[in-house]
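A.B. asks: starting from these lines, generate the structure:
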Amino acid sequence: MDGIRLQKYLALAGAAPSRRKAEELIRAGRVTVNGEVATLGMRVQPGDEVRVSRRVVRPPERRVVLALHKPRGYETTRKSRSGAPTVYELLPDVPGLHPVGRLDRDSEGLLLFTNDGALTQRLTHPRYGVKKVYRVWSKKGTPPADLLRQLERGVTLKSGVRVQALKARPKDGGAVITLTEGKKREVRYMMAAIGYPVERLVRVKMGPIRLGGQKPGTWRELSEAEQKALDRAAFGPDA
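C.D. replies: Numbering: from 1, shown residues only. Model (predicted):
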């Protein structure tokens, strides 16, 4: 049968971050195909018009994946409420371009952007275990190994939330922390929990993509080989 399943089409178009969310939109009657209210199981054929809440949606003609070296002081948002500069001031104008996760204003390093909603969902959902690596520095210096092992075993924050690093190892002036999730300011809270508050934080790797020597404030488009490696990390070895 030609065409693709409607749920996948909505994800590719960035209209829904997951198949479940796409199904919720369809069940709610918010999706139409060629003017008819869509139903679960429908397939989209070439030339079909798909709308979500009356707005036409379509997958990008070409997938774009960019790597930005986010400088400190920039917010991961389109419009800043505080008046701070935003990451979009550093990027080209690509329709549907959105961040794969976030870095807070005080953090630096690798931040991926894409117009592929399905890829974003896979890379950011903790269920799929895509690794994020952070280099951190603390005014108190390098934490002892036994405290970092506490992070690997898991610590409970003041909020009552329990967090756990996949790996934590000492590094001059701080540590290198590996996570498979990315709750807001999680690394900062973890380091504070062991008495070593973060002075500087740089994300140096996400999945197979490394920051390397890329200069702050610059972006680059991932190569075909890098995108294939990213797909394997997100969707499995057969991607």
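
A.B. asks: contacts and neighbour counts: CA atoms only from here.
C.D. replies: Will do.

A.B. asks: can you give me the helices for this structure?
C.D. replies: 6-12, 19-27, 117-124, 145-153, 186-193, 224-235 (DSSP state H).

A.B. asks: does anything pack onto the biggest strand by length in the chain? Which helices or strands?
C.D. replies: Identified as the longest strand of the chain according to DSSP state E is strand 198-206. Counting contacts by 3 or more C-alpha pairs under 8 Å, 6 or more residues apart in numbering; DSSP states H and E, strand 198-206 is packed against strand 108-114, strand 132-138, helix 186-193.

A.B. asks: for the closest residue to Lys171 other than its chain neighbours, the count of nearby residues, please.
C.D. replies: Nearest-residue entry for Lys171: Thr142, 6.4 Å, with adjacent residues in sequence omitted and distances by C-alpha to C-alpha, 6 or more residues apart in numbering. Counted with other C-alpha atoms under 10 Å, the neighbours of Thr142 add up to 18.

A.B. asks: how near is Thr142 to Thr32?
C.D. replies: Applying C-alpha to C-alpha, to the nearest Å, the value for Thr142 to Thr32 is 57 Å.

A.B. asks: just Pro71 next, same as before
C.D. replies: Separation of Pro71 from Thr32 (C-alpha to C-alpha) stands at 42 Å.

A.B. asks: what do you get for Gln150?
C.D. replies: From Gln150 to Thr32 the distance is 51 Å (C-alpha to C-alpha).

A.B. asks: how about the CA coordinates for the longest strand of the chain, as CSV?
C.D. replies: Taking C-alpha atoms only, strand 198-206 is exported to CSV below (Å, rounded to 0.1, in the frame of the first residue of the first chain):
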residue,chain,number,x,y,z
VAL,A,198,28.8,24.2,39.4
GLU,A,199,30.7,27.3,38.3
ARG,A,200,30.7,26.4,34.6
LEU,A,201,28.9,23.7,32.6
VAL,A,202,29.6,22.7,29.0
ARG,A,203,27.8,19.9,27.2
VAL,A,204,30.5,18.2,25.1
LYS,A,205,28.6,15.3,23.5
MET,A,206,25.1,14.1,22.6
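
A.B. asks: check contacts around the closest residue to Asp48 other than its chain neighbours.
C.D. replies: Spatial nearest neighbour of Asp48, chain neighbours left out: Asn34 (6.1 Å); criterion: C-alpha to C-alpha, 6+ apart. By C-alpha atoms under 8 Å, 6 or more residues apart in numbering, Asn34 lies in contact with Asp48, Glu49, Val50.
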